[in-house]
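Enquirer: Here you go, sequence then predicted model.
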Amino acid sequence: MNTKIKKIDFKHSDLQQPYIHLMNYEEFFINQTNTNELQVHVNAEVQDAIRVISIVQLIDQEQLNCLYVMDHKGNYRPATMALHKLFCSLEHTVYLDDKYDVPEIKFFVEAVKKHVPAHMLTRIEEPIFWKMSQSTLINSLRVGFVKANFINNLVHEIFELTQQPAYKQAVQNRLERSNNQFHKGMKLINELFEVYCKLLIIRVDFAFKADSNLSLSDLKSRMKIFLKKVLVNKGELKGIEGYIWKLEYGVQKGYHYHCFFFMDGSKHRKDSYYAQKLGELWKQVTDDQGIFHNCNTSKFKYRHLAIGCISHDDEEVRQNLEIVMSYLSKTDQFLMEKTLKRYRVFGTSTRSIKKSPSGRPRKNLKN
């Protein structure tokens, strides 16, 4: 009797909803330490960028053109607590557009600059501004102007901008790019599960040392050499059957790669050991200018565990694989650093996977 996997309700498009993409987002951010390894780290500027994106998405999807309303006592009350909390959690926003090529950030900054005099933009950059009560008088912005009125005008302006064809087209373009990446990644994973009843999945993050003078072009060329060595390796890594990589940029850590590697889980079990060996190979290829983070050493910290040994019929973990692949394929559409626009930022191994002539046929998860 064939092993069957029940259809899973999760869809890649589900992550289009606000906040859902934030659940595991910090897991894709890493920071350099004195040990020359990479550690998961919550970055303040990245957090602000994510909140700005969520603000614009929420305004657009909920068709909001006002946040605060006055009650019968003359006090300003938020019409939606979700949007209120997002605004109150902001710290630095005005200059995010200088770094990131993200339509939500672009339109948010455009709306702020329209309603704030140029000489007052530094005031908006003070974290205390966004945390002030909505009833606070802001004389320096407008005479007799309370913060609630400023935010309401800002929300209205953002709503108007999100209704423009330019914004709609930008969202559609990046959705298509994200879907292509997601399906490309899942295609490789499903093809591997057709051959192997178990996969040993390894995740390692790679970068250069903070004091390295090597450029983004150097990083890409070294990664190309590294991945080629991985697939032709005759040593302990010869069992790697495929990989998925993603190039990203971080405010504090610079350019870095997130990589997933796949081995036959029936023959290989020491996922953390192989991750360490991959890291050592990276350091060798980069002449010891490279650093890495072995995610498998702390894999049970992840909310959606999708690394380690996974059976083809483990419904829950394979669903986690789809979720994580969706996060991975969507990060560029939320935080695309401008200098990455001219580079390919996502890829998979292209070596043909020979299907096994024996064994029971297996059904793939439907995307």
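Expert: Cool, the structure landed.

Enquirer: Would you state the helices of the stretch 251-367 of the chain in chain order?
Expert: 271-285, 315-334 (DSSP state H, counting those that start in this stretch).

Enquirer: pLDDT score for Met23?
Expert: With respect to pLDDT, Met23 scores 33.

Enquirer: what do you get for the one 3 residues further on?
Expert: Residue-level confidence at Glu26 comes out at 38, pLDDT.

Enquirer: Likewise for Ala49?
Expert: 85.

Enquirer: how far does stretch 297-310 sit from the chain's center?
Expert: Stretch 297-310 sits 17 Å away from the centroid of its parent chain (C-alpha atoms, centre = their mean, to the nearest Å).

Enquirer: Begin at 15, not 1, for the rest of this chat.
Expert: From this message on, residue numbering opens at 15, which makes the last subject stretch 311-324.

Enquirer: Report the buried residues of that stretch.
Expert: Neighbour-count burial for stretch 311-324 flags 313, 316, 318-324 (criterion: 16 or more other C-beta atoms under 10 Å). Where you see a C-beta, it was placed from the backbone N, CA and C, and this is true even at glycine.

Enquirer: Output stretch 276-285 as CSV, restricted to C-alpha atoms.
Expert: Written as CSV, here are the backbone C-alpha positions of stretch 276-285 (Å, rounded to 0.1, in the frame of the first residue of the first chain):
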residue,chain,number,x,y,z
PHE,A,276,20.4,18.0,1.2
MET,A,277,21.8,14.5,1.9
ASP,A,278,20.3,11.0,1.8
GLY,A,279,18.8,10.7,5.3
SER,A,280,19.0,6.9,5.3
LYS,A,281,22.8,7.0,5.0
HIS,A,282,23.7,10.2,6.8
ARG,A,283,22.5,11.3,10.3
LYS,A,284,25.0,13.8,11.7
ASP,A,285,23.5,17.0,10.4
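
Enquirer: Tell me which residues of that stretch come out buried.
Expert: 276-279, 282, 285.

Enquirer: if you count residues, which helix in the protein comes out on top?
Expert: For the chain, the helix with the greatest residue count under DSSP state H is helix 179-209.

Enquirer: and after that helix, which helix or strand comes next?
Expert: Sequence-wise, the next helix or strand downstream of helix 179-209 (DSSP states H and E) is strand 212-222.

Enquirer: Could you chop this protein up by domain?
Expert: 26-49+194-362, 58-177 (automatic domain parsing).

Enquirer: Looking at the helices of the stretch 265-381 of the chain, which one is packed in the most?
Expert: helix 329-348 (a mean of 21; mean count of other C-beta atoms under 10 Å).

Enquirer: Can you name the two of the buried residues of stretch 276-285 that sit furthest apart?
Expert: The span of the buried residues of stretch 276-285, defined through C-beta to C-beta, is set by Asp278 and Asp285 at 12.3 Å.

Enquirer: what residues do the two have in common as contacts?
Expert: Taking C-beta atoms under 8 Å, 6 or more residues apart in numbering as the criterion, Asp278 and Asp285 both touch Leu214.

Enquirer: Let me know the secondary structure of Gln148.
Expert: Under the three-state scheme (DSSP: H, G, I helix; E, B strand; the rest coil), Gln148 adopts coil.
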